[in-house]
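Asker: Below is the structure, and that's it, no one-letter string:
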């Protein structure tokens, strides 16, 4: 199943729908996908993000591979949808980071890895936009990772029954491929991440786990168009301001 959230035709009201063969079904309403504006496919209370979950990415930034998942948070105000502009903070070095996002389907705590998949509502694309200047001096990464618009998310949410792992994650900047990786290269698997996070934190329906980015991160500039693509899930496209 492919789930979307979109602005109702002629209105600012947001509806939930199911996408089938290019048509969104929402109750009795049927509307072509190209006639609506999609918004982020879920409403997280928080985004739990994983740093350095690909060895090659850790190496390109000169970091060691962590012994346990390296976690940080983004607030709901960081979320923007497909097509929304990424407004850069006042920084000389803001990077893109393509990631697979796991969306949680039920309230959960203390979930063992063997049961972790039962908590997953679906998967979508995420861009962990990061201010490297702030990241160099601020250990908590709040200014570096949690600014408004730092979590483009979407365009659709695909349920686990339609997803075949491993997943191919790519990022294009102005049409040129910059990142190209597979989720099979994760240091910590999705079940391991869910077990770790829920060992100390309750996850709510709609919460997001951003699973880390492959090598190839780089700078964003005003006028750029950045695309995160994951096979079977879709393309998340955002202009940069």
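Answerer: Arrived safely. Just so you know, these numbers come straight off a predicted model, no measurement behind them.
Asker: Roughly how far does residue 210 sit from residue 12?
Answerer: Shown here: residue 210 relative to residue 12, a distance of 28 Å by Cβ to Cβ, to the nearest Å. No exception for glycine: its C-beta is placed from N, CA and C like everyone else's.
Asker: swap that for residue 42, please
Answerer: Separation of residue 42 from residue 12 (Cβ to Cβ): 19 Å.
Asker: Next: residue 151.
Answerer: Distance of residue 151 to residue 12, given as Cβ to Cβ: 21 Å.
Asker: Looking at those two, which one has more neighbours?
Answerer: The residue with more neighbours, out of residue 151 and residue 12, is residue 151; 28 against 6, by other Cβ atoms under 10 Å.
Asker: Show me what the mean pLDDT comes to for stretch 72-79.
Answerer: In this model, stretch 72-79 has a mean pLDDT of 98.
Asker: got the end-to-end distance for that stretch?
Answerer: Terminal residues of stretch 72-79 are spaced 15 Å apart (Cα to Cα, to the nearest Å).
Asker: For it, buried residues please.
Answerer: For stretch 72-79, burial by neighbour count (16 or more other Cβ atoms under 10 Å) applies to 72, 74-75, 78-79.
Asker: Keep only those of the residues you listed that are in strands.
Answerer: 72, 74, 79 (DSSP state E).
Asker: three-state assignment of the nearest residue to residue 206 once chain neighbours are set aside?
Answerer: Spatially, and ignoring its direct neighbours in sequence, residue 206 is nearest to residue 42 (4.4 Å; Cβ to Cβ, 6 or more residues apart in numbering). Under the three-state scheme (DSSP: H, G, I helix; E, B strand; the rest coil), residue 42 adopts coil.
Asker: ok, residue 42 - contacts?
Answerer: With contacts defined as Cβ atoms under 8 Å, 6 or more residues apart in numbering, the neighbours of residue 42 are 5, 103, 121, 124, 153, 157, 206, 208.
Asker: ok, of those residues, which come out buried?
Answerer: 5, 103, 121, 124, 153, 157, 206, 208.
Asker: And the first one, which helix or strand is it part of?
Answerer: If you go by DSSP states H and E, residue 5 is part of strand 2-7.
Asker: What helices and strands are in contact with that strand?
Answerer: Judged by 3 or more Cβ pairs under 8 Å, 6 or more residues apart in numbering; DSSP states H and E, the packing partners of strand 2-7 are strand 14-20, strand 23-26, strand 38-39, strand 151-158.
Asker: Any chance you could list what contacts that strand?
Answerer: Residues outside strand 2-7 that contact it (Cβ under 8 Å, 6+ apart) are 13-20, 24, 26, 33, 36-42, 122, 155-159, 162.
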